[in-house]
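**Student:** Pasted the sequence and its predicted model underneath.
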Amino acid sequence: MECDICNFENPKGSVSAVIIKEGRILVLKRIEEPFNDMWDLPGGYIDAGETPEQAIKREIKEELGVDANIDFIGCFPGTASWKDKEFPIISHAYIAELTGELKLNTSENSSFNWIPISDINLKEIAFDSNKRIVEYVKNNFSINFEELKKLITQLDASADIKEINLFRSILNGYMSRKYADGKLVGVGWIFPRRTLLRKQAVIEDVVVDSSQRGKGYGKEITLDLMRWAQENAIEVIELTSGSHRIAANELYKKVGFQLHPTNHYLYKVE
């Protein structure tokens, strides 16, 4: 009897984990077809009754023997095959922070490797959906973390920056980057938020390396963040700047920001 449901080309749900440490992404070597002996991302198919979040945590536990904290990246379409039949899939990609020591399950993959993001060869990655995920990672998460930390400590010497939070901040908004002679010399972030009154965004952590100030880089970064806000239908942009940052305050006024009379309160949640 012919299965009518089987004739539908609805994609099958899968999950993939992006695990990054010191600018290197974790890949696993497959031990079965399709794509035997090629590099794969941790992950697999979503079981019946599972959410994608449950599925990716289960797959990480099964393949790597460890729990993880996850943040959603996005959905990436692709194809897979079974018994020579190709079918569509939709992969839910997550950035994952492992909470213990990796213990590879060698019944599923023969080995693992940490490959620098900038060095990944997409031709060596299994599955077209994973290629799209890795390409996204290369385009969005490739950054010299040591250079970034040096910049941020110029803004706040006590700052303790975790690499995973860099990727989370990129996922939650937009990061503007300024390079000079191949070196990261300035950054700034903007994050959207929806209130009852309007769609707003907050600019945070605009900083230019002390050796590169006075060249207009801070203005370039700020205007780039304002461009992103306009393209994303933001109605109001907020920012705060210490009164001691004289040059920064003058810059914000020049590009159109107005000082808003308000009391700015902070409460540290313990």
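**Tutor:** Received the coordinates, thanks. Numbering: from 1, shown residues only.
**Student:** Strands of the protein, start to end?
**Tutor:** With DSSP state E applied, the chain shows strands at 12-18, 20-21, 24-30, 39-40, 43-45, 68-82, 85-98, 109-116, 174-180, 183-194, 199-208, 236-238, listed in chain order.
**Student:** Given the last one, what are its sheet partners and their directions?
**Tutor:** For strand 236-238, the paired strands and their directions (DSSP bridges) read strand 199-208 (parallel).
**Student:** In the partner strand, which residues are buried?
**Tutor:** For strand 199-208, a neighbour-count test (16 or more other Cβ atoms under 10 Å) marks 200-203, 206-208 as buried. In this view, the C-beta of every residue, glycine as well, is placed from N, C-alpha and C.
**Student:** ok and it relative to strand 183-194, angle-wise?
**Tutor:** Here strand 199-208 runs at 160 degrees with respect to strand 183-194, directions being taken by axes from the mean of the first three to the mean of the last three Cα atoms, to 10 degrees.
**Student:** Could you figure out how far strand 199-208 is turned away from strand 174-180?
**Tutor:** Interaxial angle, strand 199-208 versus strand 174-180 (the same axes, to 10 degrees): 20 degrees.
**Student:** Give me the domain ranges for this structure.
**Tutor:** Listed domain ranges for the chain are 5-140, 145-254 (source: automatic domain parsing).
**Student:** want to try a markdown table for the strands of the chain, with mean pLDDT as columns?
**Tutor:** What follows is those, written out as a markdown table (pLDDT from 0 to 100):
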| stretch | mean pLDDT |
| --- | --- |
| strand 12-18 | 98 |
| strand 20-21 | 97 |
| strand 24-30 | 98 |
| strand 39-40 | 98 |
| strand 43-45 | 97 |
| strand 68-82 | 96 |
| strand 85-98 | 96 |
| strand 109-116 | 98 |
| strand 174-180 | 97 |
| strand 183-194 | 97 |
| strand 199-208 | 96 |
| strand 236-238 | 96 |
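**Student:** Tell me which of those sits nearest to residue 138.
**Tutor:** Each of those was scored for nearness to residue 138 using Cβ to Cβ, and the closest is strand 24-30 (9.1 Å).
**Student:** strands paired with the closest one, and their directions?
**Tutor:** strand 20-21 (antiparallel), strand 39-40 (antiparallel), strand 109-116 (antiparallel).
**Student:** Of the ones you listed, which stretch is the most buried?
**Tutor:** The highest average neighbour count among those, using mean count of other Cβ atoms under 10 Å, belongs to strand 39-40 at a mean of 22.
**Student:** tell me the pLDDT at the most centrally placed residue in the chain?
**Tutor:** Residue closest to the average C-alpha location in the chain (Cα atoms, centre = their mean): residue 167, at 3.9 Å. Model confidence at residue 167, given as pLDDT, is 97.
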